[in-house]
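Engineer: here's my sequence, what's the structure:
(one chain, ligands or ions: 2)
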Amino acid sequence: MIKIKEALCDFCGTCVSVCPVDCIELQEALIKIDQNSCTDCMLCVYVCPIETLEYSHG
Ligand code: SF4
Ligand code: SF4
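Structural biologist: Residues are numbered from 1 along each chain as shown. Ligands and ions are numbered 1, 2, ... in the order given. Next comes the predicted model:
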(Lines give C-alpha, C1' and ligand atoms only; values in the text may rest on other atoms or scores of the structure.)
(Ligands and ions follow the chains in the order given, each with its own letter.)
Protein backbone atom coordinates (compact mmCIF):
# COMPACT_ATOMS: atom_id res chain seq x y z
CA MET A 1 0.00 0.00 0.00
CA ILE A 2 0.98 3.62 -0.46
CA LYS A 3 1.54 5.63 2.69
CA ILE A 4 1.29 9.39 2.92
CA LYS A 5 3.55 11.43 5.18
CA GLU A 6 0.81 13.96 5.73
CA ALA A 7 2.96 16.40 7.67
CA LEU A 8 5.11 16.95 4.57
CA CYS A 9 2.41 17.25 1.91
CA ASP A 10 1.89 20.72 0.51
CA PHE A 11 -1.30 19.68 -1.35
CA CYS A 12 0.12 20.58 -4.75
CA GLY A 13 -2.16 18.05 -6.48
CA THR A 14 0.49 16.51 -8.73
CA CYS A 15 -0.16 12.97 -7.49
CA VAL A 16 -3.91 13.38 -7.98
CA SER A 17 -3.46 14.31 -11.62
CA VAL A 18 -1.43 11.18 -12.47
CA CYS A 19 -3.39 8.51 -10.61
CA PRO A 20 -4.87 6.25 -13.31
CA VAL A 21 -7.72 5.05 -11.10
CA ASP A 22 -8.45 8.43 -9.54
CA CYS A 23 -8.27 7.15 -5.98
CA ILE A 24 -6.42 10.06 -4.34
CA GLU A 25 -8.75 12.47 -2.64
CA LEU A 26 -7.37 15.96 -2.07
CA GLN A 27 -9.17 18.73 -0.28
CA GLU A 28 -7.78 21.93 1.08
CA ALA A 29 -5.64 20.44 3.84
CA LEU A 30 -6.50 16.79 3.59
CA ILE A 31 -5.16 14.02 1.41
CA LYS A 32 -6.40 10.44 1.38
CA ILE A 33 -5.87 7.35 -0.75
CA ASP A 34 -8.71 4.90 -1.29
CA GLN A 35 -6.70 1.74 -0.64
CA ASN A 36 -9.41 -0.47 -2.12
CA SER A 37 -9.05 1.17 -5.53
CA CYS A 38 -5.30 1.75 -5.45
CA THR A 39 -3.35 -0.64 -7.69
CA ASP A 40 0.08 0.19 -6.22
CA CYS A 41 1.22 1.39 -9.63
CA MET A 42 3.65 3.77 -7.87
CA LEU A 43 3.05 6.66 -10.27
CA CYS A 44 2.13 9.01 -7.45
CA VAL A 45 5.26 8.06 -5.55
CA TYR A 46 7.43 8.88 -8.57
CA VAL A 47 5.85 12.25 -9.31
CA CYS A 48 5.60 13.73 -5.82
CA PRO A 49 8.20 16.50 -5.87
CA ILE A 50 8.92 16.27 -2.14
CA GLU A 51 8.77 12.50 -1.58
CA THR A 52 5.68 12.57 0.59
CA LEU A 53 4.41 9.23 -0.68
CA GLU A 54 6.07 5.91 -0.11
CA TYR A 55 5.33 2.28 -0.77
CA SER A 56 5.00 0.12 2.31
CA HIS A 57 4.33 -3.58 2.62
CA GLY A 58 1.05 -4.20 4.41
S1 SF4 B 1 -0.10 3.92 -6.48
FE2 SF4 B 1 -1.12 4.37 -8.44
S3 SF4 B 1 -3.24 3.77 -8.11
FE4 SF4 B 1 -2.33 4.00 -6.09
S5 SF4 B 1 -2.75 6.10 -5.44
FE6 SF4 B 1 -0.75 6.08 -6.45
S7 SF4 B 1 -1.13 6.60 -8.58
FE8 SF4 B 1 -3.10 5.96 -7.66
S1 SF4 C 1 2.34 15.22 -5.06
FE2 SF4 C 1 3.14 15.02 -2.98
S3 SF4 C 1 3.06 17.07 -2.09
FE4 SF4 C 1 1.74 17.06 -3.92
S5 SF4 C 1 -0.33 16.59 -3.15
FE6 SF4 C 1 0.63 14.66 -3.73
S7 SF4 C 1 1.59 13.86 -1.84
FE8 SF4 C 1 1.16 16.04 -1.53
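
Engineer: which residues of this protein lie near ligand 2?
Structural biologist: By Cβ under 6 Å from any ligand atom, the residues of the chain that approach ligand 2 are 9-15, 26, 31, 48, 50, 52-53. Heads up, the C-betas are built off the backbone N, CA and C, glycines and all.

Engineer: so which of those residues belong to helices?
Structural biologist: Thr14, Cys15 (DSSP state H).

Engineer: out of the residues of the chain next to ligand 2, who's the most crowded?
Structural biologist: Cys15 (24 neighbours; other Cβ atoms under 10 Å).

Engineer: next, the contact list for the closest residue to it other than its chain neighbours, please.
Structural biologist: Nearest-residue entry for Cys15: Cys44, 3.7 Å, with adjacent residues in sequence omitted and distances by Cβ to Cβ, 6 or more residues apart in numbering. Cys44 makes contact with Ile2, Cys15, Val18, Cys19, Ile24, Leu53, according to Cβ atoms under 8 Å, 6 or more residues apart in numbering.

Engineer: once you drop chain neighbours, what's closest to the fourth one?
Structural biologist: Spelled out, that is Cys19. Leaving out its chain neighbours, Cys19 is closest to Cys44 (Cβ to Cβ, 6+ apart), at 5.8 Å.
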